[in-house]
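In: Structural data only, the sequence is not supplied:
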């Protein structure tokens, strides 16, 4: 394989010589700026350099590759001026911009970044300079083109320079009123005369001392021309904090990248290992080890198919319990474990030149490095060879910290010493390993480069927090309540959990007084129990963030410290070990450092790995005969992988199932000839259909003969033939063969793609005298190999642009200097769209009702409602809804200057439904029996901004309970979609919140509101020992 130098185009035969040559060549190369090539990675792999003080949050599916090196040879000193695509910050209306504006928006120069270059083919390298010269020529051509539009080129250039200077001083409209006016003018294509009339009307009627509007519309248009569009499109960065999300944004990546050869890519290897029982009795155990790559973005890496089974580690069995507990046997197990790892992983390091990875038809030079190991606590101790016992002198595998200090959350630097390969090897050589609680076995990872095994075995959130500390918290609270209040209160707590209202994905408990507070000494009050849950919830939510700034890590550390301090304070007497928990210490002191070292916690939690045991251990184990289990399981897994791989084919667009419409005729094979003859004698049948019947049996026989079958063989089988008028083809087109379609016969003409092997056996489409046919046959596949799927370069999606960028703007010009005017029109529209751009919610879904409960008309409404209210099976909420229905309907119509009495002669129907899907997908219910329990949803309604100060609200949001869901159908009018609600109000305007949640009470105010006005379904919990008091569960939003 040949390697081409990116500086002098010299070709070298091996990688080692190439790396040395590049170092020398880069020192002599005068680097001013380097062009950054961005290659979209369809396999979600990230090969990027880590910027030590990264300020950008890059898109994780982009390979950053640079072709030039700066003068200084060490990797840490190389600095590039790169042009970076900010994909995450791409404006939503980017299609409406010109090429020049698009370029100015898309690219910006960050401070600095360590460059990386790719050893591409020489063709690619030599084309670099040509592309630069082409760009220069295109710019000069553009300048000449623009200069032809005017007689005075120098004046125009001076004006453009001054305009750029002025642009920097006008980042936005002077005020919102000014912005609204220009939005109105541009969006509706109003001329200056109409705009000036609006300004005069505004100034005349408001009598403001200073008008917020421009003097005239022309002034407004000129101001917009001076505005710098990039100021509007770029998102403001709140601070200069560094972001930690994907692994490549963290410290380990930055440090390790500096140690690998120039021109290479860092390949981050993540290991996961955990022993698993194969049967319910736990008699047999397998120890699988899995591998994945840190280069793959987190959301993709957390999918099961991205993790690969590496091997089953050997399990050494003992003859009896005595041998099993012996130190000799334990050391054999440990040595076997590390020798197995050496056997599996050493090939990655034996090759000094790394490995070649094929990605997107490119060969990448990669240097593999083990970044971290995901496991539970005992497994982490096995990798690091520290003592597993929590009673050992130094249980923590991160630090040398004594067991007495495990519960101390205020440790200072004198009380700790980080473990490292250097100090642990020293103790191992001096036979003082017991002093630091490590095993008398040589650790394989001591000789592995760029890893500190004691820090690489990261804390696992699921085992540390979910199954560990939170479990302790529940147990201690149960013991506390049992001691202070007795068993009856434990039963009361369990019953209350059952009474918590239904809510989708509910995971948290309600906040309320479980027992009466007492003045006894050392009595722990209700608010302390609730406080620790609040702090735990806050800590947990922060731990699940996908992106951390430095301030976020500080907040997480503070929340952990607050929770741990209260946890120890409340439950110290209930812990027999006085909180000497390695997991508590590890969570408090090492989780935030792991974020800085390896990125967000979601990238290294075992939550997504536990399911692998089912597919790689338990299921395959059941298929074995229990002899040579590992060997059989490996064969089973390998066969499944082959089947999956062999069945993978390119899938076309999602096919639509064939859908027939009207059935014309039906007959069976026994009387087919007689039936067909009868149809052919029908005088109303068109000649095309008669011809079809005439040839039917002949063609059917030929079709069956193609598959070595005969029509005569099927005459004794009950075969039915159905003739339809039309069918929807798999891609949506309608094919018709109808004797009467809107009183006219229709027989569709179709195109059939011939078999490629037979394409030259037929004369198709007037022979082969078309360049397009030749191009399609010979060049389309090579284009796919060169540039990717055809969908990426088809004109189908571009044709509509002519309307917005040519035809419409042309009509608004005065036909002088057309291009210049069109550019201004397009630019103004882009400014208006971007300046008014707000966060767009999920695509609204049309209101969708499910089960209809009741239906009645306006004439018998009172009688029907009274009947329903007398129904003993009806819940009180629904009875209350029927009771208030007509009163609320009258008030609703009165609001629109209508009266209910005016509609009594009109046919109006009322339909009451059990639930409805809101516009953003949530389900709202008002059901008397939902899984044998009544359910009446609580909702949040965003109030009108003009009325926001007339109510006590939670940041402009009010709360209500739905009693009825109704659709009102009126003649000649659109249906009304309404919900009858009973409003909540804040219990107190002085102290509206309790436990950081809105404290509410139900009012006697009822209204019919439009369903479209409802924001979301919320979870409201009753306070069990106080009437008419409710808490909004804010921890679910």
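Out: On my side now, so go ahead. From a predicted model like this one, the values you see are computed outputs, not experimental measurements.
In: Where do the domain boundaries of the chain fall?
Out: 176-232, 238-374+606-651, 387-457, 463-603, 657-706+717-755, 770-839, 848-1032 (the TED database).
In: mean confidence for the second one?
Out: Averaging pLDDT along domain 238-374+606-651 yields 85.
In: My guess is residue 658 contacts residue 724. True?
Out: No - using CB atoms under 8 Å, residue 658 is not in contact with residue 724, being 10.1 Å away. All C-beta atoms are positioned from the backbone trio N, CA, C, and that covers glycine.
In: Settle it for me: which of these two has more neighbours?
Out: Each of residue 658 and residue 724 has its neighbours counted (other CB atoms under 10 Å); residue 724 has more, 16 against 10.
In: what's the nearest residue to that one if we skip its chain neighbours?
Out: residue 660 (4.4 Å; CB to CB, 6 or more residues apart in numbering).
In: Residue 575 too?
Out: Closest to residue 575 by CB to CB, 6+ apart is residue 476, at 7.2 Å.
In: The one you found sits in which helix or strand?
Out: Here residue 476 sits within helix 470-485, counting by DSSP states H and E.
In: Nearest residue to the middle of this structure?
Out: With distances taken as CA atoms, centre = their mean, the residue of the chain nearest its centroid is residue 299 (7.2 Å).
In: what's the helix or strand harbouring that residue in contact with?
Out: Using DSSP H and E, residue 299 sits in helix 298-301. With contacts defined as CB atoms under 8 Å, 6 or more residues apart in numbering, helix 298-301 is touched by 44, 60, 245-246, 270, 292-294, 306-307, 546, 599-600, 602-603.
In: Can you show me the helices along the stretch 251-400 of the chain?
Out: Using DSSP state H, counting those that start in this stretch, the helices of the stretch 251-400 of the chain run over 251-257, 298-301, 321-325, 327-350, 377-384.
In: Which among the ones you listed is found nearest to residue 863?
Out: Ranking the helices of the stretch 251-400 of the chain by proximity to residue 863 (CB to CB) places helix 298-301 first, at 57.8 Å.
In: Which residues in that closest one does the neighbour count mark as buried?
Out: For helix 298-301, burial by neighbour count (16 or more other CB atoms under 10 Å) applies to 298, 301.
In: ditto for stretch 326-341
Out: Of the residues in stretch 326-341, 329-330, 333-335, 337-338, 340-341 count as buried by neighbour count, 16+ other CB under 10 Å.
In: Name the nearest residue to residue 994, sequence neighbours excluded.
Out: Residue 994 sits nearest to residue 1031 (CB to CB, 6+ apart), 6.5 Å away.
In: Kindly report the same for residue 957.
Out: Going by CB to CB, 6+ apart, residue 957 has residue 940 as its nearest residue, at 5.0 Å.
In: Take the buried residues of stretch 326-341 and lay them out in TSV including distance to residue 226.
Out: Below are the buried residues of stretch 326-341 laid out as TSV (distance: CB to CB, whole Å):
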residue	distance to residue 226
329	82
330	78
333	75
334	73
335	75
337	70
338	69
340	70
341	65
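In: Relative to residue 208, which of these is nearest.
Out: Proximity of the buried residues of stretch 326-341 to residue 208 was ranked by CB to CB; the top entry is residue 341 with 77.4 Å.
In: Check the secondary structure at residue 853 for me.
Out: Here residue 853 is strand, with the state taken from DSSP: H, G, I helix; E, B strand; the rest coil.
In: Name the nearest residue to it, ignoring sequence neighbours.
Out: residue 912 (4.8 Å).
In: go on, residue 586?
Out: Residue 586 sits nearest to residue 459 (CB to CB, 6+ apart), 4.9 Å away.
In: Tell me if I am right that the one you found is in a strand.
Out: No - Residue 459: not assigned to a strand; according to three-state DSSP it is coil.
In: All further residue positions should be reported with the first residue as 55.
Out: Sounds good: first residue 55 from here, last item residue 513.
In: these two touch, right, it and residue 645?
Out: Yes - judged on CB under 8 Å, residue 513 makes contact with residue 645 at a distance of 5.1 Å.
In: who has more neighbours, the two?
Out: Per other CB under 10 Å, whichever of residue 513 and residue 645 has more neighbours is residue 513, with 25 against 22.
In: on that earlier part again, which residues does the residue nearest to residue 1011 bridge with?
Out: Note on residue 994: beta-bridge partners residue 1013, residue 1070, judged by DSSP bridges.
In: ok, residue 903 - contacts?
Out: Contacts of residue 903 by CB under 8 Å, 6+ apart are 965, 967, 969-971, 1019, 1021.
In: let's go with 7 Å and repeat that
Out: Neighbouring residues of residue 903 by CB atoms under 7 Å, 6 or more residues apart in numbering: 967, 970, 1021.
In: Next up, the contacts around residue 224.
Out: 277, 280-281.
In: Reformat these into a markdown table and put neighbour count, pLDDT and distance to residue 1033 next to each item.
Out: What follows is those, written out as a markdown table (neighbours: other CB atoms under 10 Å; pLDDT from 0 to 100; distance: CB to CB, whole Å):
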| residue | neighbour count | pLDDT | distance to residue 1033 |
| --- | --- | --- | --- |
| 277 | 16 | 84 | 46 |
| 280 | 15 | 77 | 49 |
| 281 | 20 | 76 | 44 |
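In: Turn those residues into a markdown table, including secondary structure and distance to residue 946.
Out: Below are the contacts of residue 224 laid out as a markdown table (DSSP: H, G, I helix; E, B strand; the rest coil; distance: CB to CB, whole Å):
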| residue | secondary structure | distance to residue 946 |
| --- | --- | --- |
| 277 | helix | 45 |
| 280 | helix | 49 |
| 281 | coil | 45 |
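In: So which of those residues is the closest to residue 674?
Out: residue 281 (64.5 Å).
In: Quick check: chain neighbours aside, which residue is closest to that closest one?
Out: Spatial nearest neighbour of residue 281, chain neighbours left out: residue 224 (5.1 Å); criterion: CB to CB, 6+ apart.
In: how near is the one you found to residue 249?
Out: Look at residue 224 and residue 249: by CB to CB, to the nearest Å, they are 19 Å apart.
In: what helices or strands is the one helix or strand residue 694 maps to leaning on?
Out: Per DSSP H and E, residue 694 falls inside helix 683-700. In terms of contacts (3 or more CB pairs under 7 Å, 6 or more residues apart in numbering; DSSP states H and E), helix 683-700 is packed against helix 673-676.
In: Buried residues in the helix it packs on, which are they?
Out: Judged by neighbour count using 16+ other CB under 10 Å, the buried positions of helix 673-676 are 674-675.
In: same check, this time on stretch 622-632
Out: Using 16+ other CB under 10 Å as the test for burial, stretch 622-632 gives 622, 624-625, 629.
In: Now do the end-to-end distance for it.
Out: Using CA to CA, to the nearest Å, the end-to-end distance of stretch 622-632 comes out at 9 Å.
In: Tell me where the stretch 405-554 of the chain is predicted with low confidence.
Out: Applying pLDDT under 70 to the stretch 405-554 of the chain picks out residues 405-406.
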